[in-house]
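Novice: could you work out the structure for the sequence below:
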Amino acid sequence: MPIPPMLEDVADIDALRALARRRGDDLCDLGTIALGDDSQRLTFAAQACAEYGQLYTDGLEREPLPLSEPEPLTLDDVDVDAMLTEIMPERSRLGEMARLIGVARYALDGHDQHQLDDTKRALDRIADSLPEKYRGQLLAKAALTPGAEGQRLADLYLRRAYKLLDEDYASIPPLDEEIRSLAEHPDA
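Specialist: Okay, the predicted model is just below:
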């Protein structure tokens, strides 16, 4: 049995027609029902859905829809790393960011531009997947900044992110102050 749609009140029939047109929906008349009786409304909606489903099936038998062949997905169309990143818990994503910071620092010290480019892409992907509160893009940028200041800033942003994750909010203002100070006076 089809699940009935959520019932909601509308201003008038014209508003309902406009909504159906805008969404490309079919508009079905359920007949007259008692507006105050939700169980009757749901029963009518379920019956109407079943009837509509049967009418739709009958219509398809008379005039089948033209079938188009779906375009096959190639492996180039699927970003496996992005998919895996999206399903990782936030703690795991932050752990991966921490690992990548180490890789970035190593690539910076060794002047390995190829490794640095690969690491930047991975850092950006994970940073984009994190909620804004973690400041992932700033963390990634700091990780890729040469010198001790970049290392220190990346460490502060990472510690801040973990404090947020652990809901240790009292520890965040001192870290924010240190980040601000380092950003304003990078050579200090």
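Novice: quick check: the gap between the residue nearest to residue 124 when sequence neighbours are not counted and residue 98.
Specialist: Distances taken as C-beta to C-beta, 6 or more residues apart in numbering place residue 140 nearest to residue 124, at 5.8 Å, with adjacent residues excluded. Where C-beta positions appear, they are placed from N, C-alpha and C, glycine not excepted. Residue 140 sits 12 Å away from residue 98 when distances are taken as C-beta to C-beta, to the nearest Å.
Novice: comparing the two, which residue is more hemmed in?
Specialist: Higher neighbour count among residue 140 and residue 98: residue 140, with 26 against 16, using other C-beta atoms under 10 Å.
Novice: residue contacts, that one?
Specialist: Contact analysis of residue 140 by C-beta atoms under 8 Å, 6 or more residues apart in numbering lists 97, 120, 123, 124, 126, 127.
Novice: residues near the last one, how many?
Specialist: So the one you mean is residue 127. When neighbours are counted by other C-beta under 10 Å, residue 127 comes out with 20.
Novice: next up, the contacts around it.
Specialist: 97, 136, 137, 139, 140.
Novice: among the residues you listed, which pair sits farthest apart?
Specialist: 97 and 137 (11.1 Å; C-beta to C-beta).
Novice: and these two? which has more neighbours close in?
Specialist: Using other C-beta under 10 Å as the criterion, residue 97 and residue 137 rank with residue 97 on top: 24 against 15.
Novice: wait, the more buried one touches residue 126, no?
Specialist: Yes. Using C-beta atoms under 8 Å, residue 97 makes contact with residue 126 at a distance of 5.5 Å.
Novice: shared neighbours, those two?
Specialist: 136, 140.
Novice: show me where pLDDT drops low in the protein?
Specialist: 1-9, 29-42, 46, 67-80, 186-188 (pLDDT under 70).
Novice: center of it - which residue?
Specialist: Nearest residue to the geometric centre of the chain (C-alpha atoms, centre = their mean): residue 129, 7.1 Å.
Novice: quick check: closest non-adjacent residue to it.
Specialist: residue 85 (4.9 Å).
Novice: and that neighbour, which helix or strand is it part of?
Specialist: According to DSSP states H and E, residue 85 maps onto helix 80-87.
Novice: distance between that helix and the chain's centre?
Specialist: 11 Å (C-alpha atoms, centre = their mean, to the nearest Å).
Novice: how about the nearest residue to residue 25 once chain neighbours are set aside, secondary structure?
Specialist: Nearest residue to residue 25, sequence neighbours excluded (C-beta to C-beta, 6+ apart): residue 19, at 7.5 Å. Following DSSP: H, G, I helix; E, B strand; the rest coil, residue 19 is assigned to helix.
Novice: touching, residue 19 and residue 10? I think so.
Specialist: Yes. Residue 19 lies in contact with residue 10 (C-beta under 8 Å); the separation is 7.4 Å.
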